[in-house]
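In: quick one: sequence and predicted model below, then my questions.
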Amino acid sequence: MNDRGRSRGGWRPPEKKGGNLRGEMRHIRLAPEFPRIRLDPRRILLAIALLLTPLAAIGIFKLHKAYAEYAAIVDERLDQQILRRRAGVYAAPRRVSVGQQISQDELRERLLRAGYRQGQRDDPADQFSSGVFVIEGKTVWLRTNEFARAANAPETVNIKFDRRAGVQIVKIEDAATGEDLESVALPPESLTAESGTTTLPRGVGIQARFEDFPPSLVNALIAIEDRNFFSHRGVDVKAVFRALWENWRHGEIREGGSTITQQLIKTNFLTPERTYQRKFAEALMAMAIERRLSKEEIFTIYANRVYLGQSGMTAVYGFNQAARAYFGKELDELSLAESALLAGLTQAPNRYSPYLRPDAAVARRNTVLDAMVEMRSISPEEAEAAKSERLTVIPSGKYDETAAQYFLDYLQRELASRNINEKEEPNLEIRTTLDLDLQRAANLAVKNYLAKLDRVFSRRAKRTGGGKPEAALIAIDPHTGEILAMVGGRDYASSQLNRVTDARRQPGSVFKPIVYAAALANGISPDTVFYDAPQEIIFGNQVYSPQDYGGGFSNQLVTLREGIVKSLNVVAVDAALLVGLSKVADIAEKMGLPRPEPYPSMALGAVEATPFEIARAYSTFANGGVSVTPFGIKSITRDDVNENFTAAKNSVLHPSAAYVVTETLAEAVDRGTGMRVRAMGYSGPAAGKTGSSHDAWFAGYTPKLLAVVWVGFDDYHNLGMVGGDAAAPIWADFVKRALALRPDLRAEKFEQQ
């Protein structure tokens, strides 16, 4: 390669000292100069605008379309009254009735729980507002709400008490006309605030109006949750950008920037996952609902539904319930410090629980007070005074004696069997059969008698190392199958085993009336005579020798009826063999029990059954020969579709045969093994049978109420007590309480159907 080629390739020889630089440069070719293009900023902006305008139009169109779709969902839900209706699980409606044994304080409590508001007679607003009551001496004046009027109640009612009559209601009258009334219906109370939870927590549906919330509580909630609530239109843009910045900094979603309106949308319209897509839907729906409801309406709905923690087994929803659960106060009685504490719970109720973490609860309360000072809703001096206030809460769960957690667990399974997932359908309204009056009666009856048994077994435990006995109770309407009360054990917190539905135990002599029914169904007279004496029965390759409890025999001829009244084992076995063991098994199966194996011991209850199944079987006797399957769900409402449920029924006995069994079991209560019922002070009509195996049973009924009680040890340890001593007292206590609270369940006698 020559030097010229190298020059063309861009190589230059090194400069020589003293060389002519200007001369060297003459041989270098310079690139030609192109004319400069002058850029007009206006043209650039125009080009960008022309490029972005279609994209912006597409974006605006899609945003408008998405808003319209989400707004349509909001409209549909509002039309269906979903926010106002409160989705969730509800007890059966209560009634205030003439003859009901209830004090004025208890009636006040009941009215408050049902959403009524206590007012003043001289306040014109209270005289014309629905859902208001006034207490004046021995009279409660009531301006009924829409629910009561839908049940044919007059607009105003006087409820009169007479303390001399055992603290009971003696008269209910139309306040305008003086016409006597039998009862006034109260709206059903909520067992849960919403069914979209796996545990279906217990709660009380207490609705408050916006004016019921004290300014201190409104300001506290606004200060800590949404300072611009009354000025934004559903979305707080500044809060959103702040949340986006924090989430970007941490590389994950930590803050949502949600307003109170968005929180209401999130818990009632959307699933709880934390994604940007859900946040987008939440924002659009929040803007839509702000155009349809006032700020006061949105605040009120949110404040009535927000989850605020646990008080014992009770899930607390809404500030009205929280004021009573934590402080035993009404909303207007809350102090500034108490309002701040409740407002602080909304962010993380369990983290700031005044029961579990009192120090954290106080620190959060003080944070709320500082936020209120920043918002200038209180002065620094007021904040300091409130911070110095000592945290005082009432004992956890003290005020609730109607807890029905075992029943709610039973409902959870029933919903699952119907392929209903509450998480996927958060706006279900589920009406149940549970009667809160009877549930309270059942809870108290079980609790009080187990306390007595504990004193007996505490001495035995020292010798044997045994634990405490358990108990279960189920009460149903024997004609409809509606479950009215359910107690699955002594303490749900320590054991979630529902002994009503899941504990299969031998019912002992409770099975004997089924043998009796089989005999009647197969033409055997109640006056058929049997010999009550020791005997050996050869069955297959085995010899069976039935023994009466305690080992004694009368060694006399007795009728079949007398054998059932006195619970004689030999008579029951002989009757079963006379009928045919397979025929007895057939009757038992038709009545709702698991089909027993055809052995002679079957006649003495050597089969396994739950209290639930025994209740179904005994409904055959109480319901004129027709067995009804107990059920707890009365209706389910999805959107605007309502589905009602009734009991499955099976005709088993002729009505006359069922009535003969009832008469015989009534004799067992009057002069047989069930006499403890009379000794406990219950004098009304009753038919029932004790059972004694390793456990103690009592299954009995009145003309309108059937209840089964079981007492025993979970580990099958022998209780060592007969049904008349361990189970019948619980039954009698429950029935006395139930009939005092529900006069409509009383009856003079059993009627032949």
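Out: Nice, I can see it.
In: got the contact list for stretch 644-651?
Out: Stretch 644-651 is contacted by residues 480-482, 590-592, 625-631, 633-636 when judged by C-beta atoms under 8 Å, 6 or more residues apart in numbering. All C-beta atoms are positioned from the backbone trio N, CA, C, and that covers glycine.
In: in strands only, show me these.
Out: Cross-referencing the contacts of stretch 644-651 against strands under DSSP state E gives Val626, Ser627, Val628, Ile633, Lys634, Ser635, Ile636.
In: got a PyMOL select line for the buried ones in those?
Out: To isolate the buried ones among the ones in strands among the contacts of stretch 644-651 in PyMOL, judged by 16 or more other C-beta atoms under 10 Å, type:
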select buried, resi 626+627+628+633+634+636
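In: which one among the ones in strands among the contacts of stretch 644-651 gets closest to Ile537?
Out: Ser627 (29.7 Å; C-beta to C-beta).
In: contacting residues around that closest one?
Out: Contacts for Ser627 (C-beta under 8 Å, 6+ apart) come out as Lys590, Met591, Gly592, Arg616, Ala617, Ser619, Thr620, Lys649, Asn650, Ser651, Val652.
In: now Ala617
Out: Shown in contact with Ala617 (C-beta under 8 Å, 6+ apart): Ile514, Ala588, Met591, Gly592, Leu593, Ala609, Ser627.
In: just Thr637 next, same as before
Out: Leu428, Glu429, Ile430, Arg431, Glu643.
In: please identify which pair of the contacts of Ala617 lies farthest apart.
Out: Among the contacts of Ala617, Ala609 and Ser627 lie farthest apart (C-beta to C-beta), at 13.6 Å.
In: from Met372, how far off is Ala386?
Out: Counting by C-beta to C-beta, to the nearest Å, the gap from Ala386 to Met372 is 9 Å.
In: Serialize the contacts of Ala617 to TSV and add fields for pLDDT and distance to Val157.
Out: Formatted as TSV, those follow (pLDDT from 0 to 100; distance: C-beta to C-beta, whole Å):
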residue	pLDDT	distance to Val157
Ile514	97	47
Ala588	96	49
Met591	97	44
Gly592	95	42
Leu593	95	46
Ala609	96	46
Ser627	97	40
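In: does Trp697 count as helix, strand or coil?
Out: Three-state secondary structure (criterion: DSSP: H, G, I helix; E, B strand; the rest coil) places Trp697 in strand.
In: so it sits against Gln506, correct?
Out: No - with contacts counted by C-beta atoms under 8 Å, Trp697 stays clear of Gln506, the gap being 9.1 Å.
In: which one's more surrounded, these two?
Out: Trp697 (33 against 21; other C-beta atoms under 10 Å).
In: okay, and the beta partners of the more buried one?
Out: Gly691, Trp710 (DSSP bridges).
In: ok, now how distant is it from Leu719?
Out: The gap separating Trp697 from Leu719 is 10 Å, by C-beta to C-beta.
In: same check on Arg291?
Out: 65 Å.
In: so where do the helices sit in the stretch 551-700 of the chain?
Out: Assignment of helices within the stretch 551-700 of the chain using DSSP state H, counting those that start in this stretch yields the ranges 560-565, 569-579, 581-590, 611-622, 655-671, 676-679.
In: nearest the geometric middle of this structure, what residue?
Out: In the chain, the C-alpha nearest the mean C-alpha coordinate belongs to Leu191, at 3.4 Å (C-alpha atoms, centre = their mean).
In: that residue reaches Ala91, doesn't it?
Out: Yes - between Leu191 and Ala91 there is a contact at 5.6 Å, judged by C-beta under 8 Å.
In: what sits in contact with each of Ala386 and Met372?
Out: Taking C-beta under 8 Å, 6+ apart as the contact rule, Ala386 and Met372 both touch Ala340, Ile378.
In: among the helices of the stretch 551-700 of the chain, which is nearest Asp409?
Out: Within those, the stretch nearest Asp409 is helix 611-622; the backing value is 12.9 Å (C-beta to C-beta).
In: what about dumping the CA coordinates of that closest one to PDB?
Out: Extracted as PDB, the C-alpha positions of helix 611-622 are listed here (Å, rounded to 0.1, in the frame of the first residue of the first chain):
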ATOM      1  CA  PRO A 611     -78.900 -34.900  69.100                       C
ATOM      2  CA  PHE A 612     -79.900 -33.400  65.700                       C
ATOM      3  CA  GLU A 613     -81.000 -36.900  64.600                       C
ATOM      4  CA  ILE A 614     -82.900 -37.600  67.800                       C
ATOM      5  CA  ALA A 615     -84.700 -34.300  67.400                       C
ATOM      6  CA  ARG A 616     -85.800 -35.300  63.900                       C
ATOM      7  CA  ALA A 617     -87.000 -38.700  65.200                       C
ATOM      8  CA  TYR A 618     -89.000 -37.300  68.100                       C
ATOM      9  CA  SER A 619     -90.700 -34.700  65.800                       C
ATOM     10  CA  THR A 620     -92.600 -37.700  64.400                       C
ATOM     11  CA  PHE A 621     -94.400 -38.100  67.800                       C
ATOM     12  CA  ALA A 622     -95.000 -34.300  68.300                       C
END
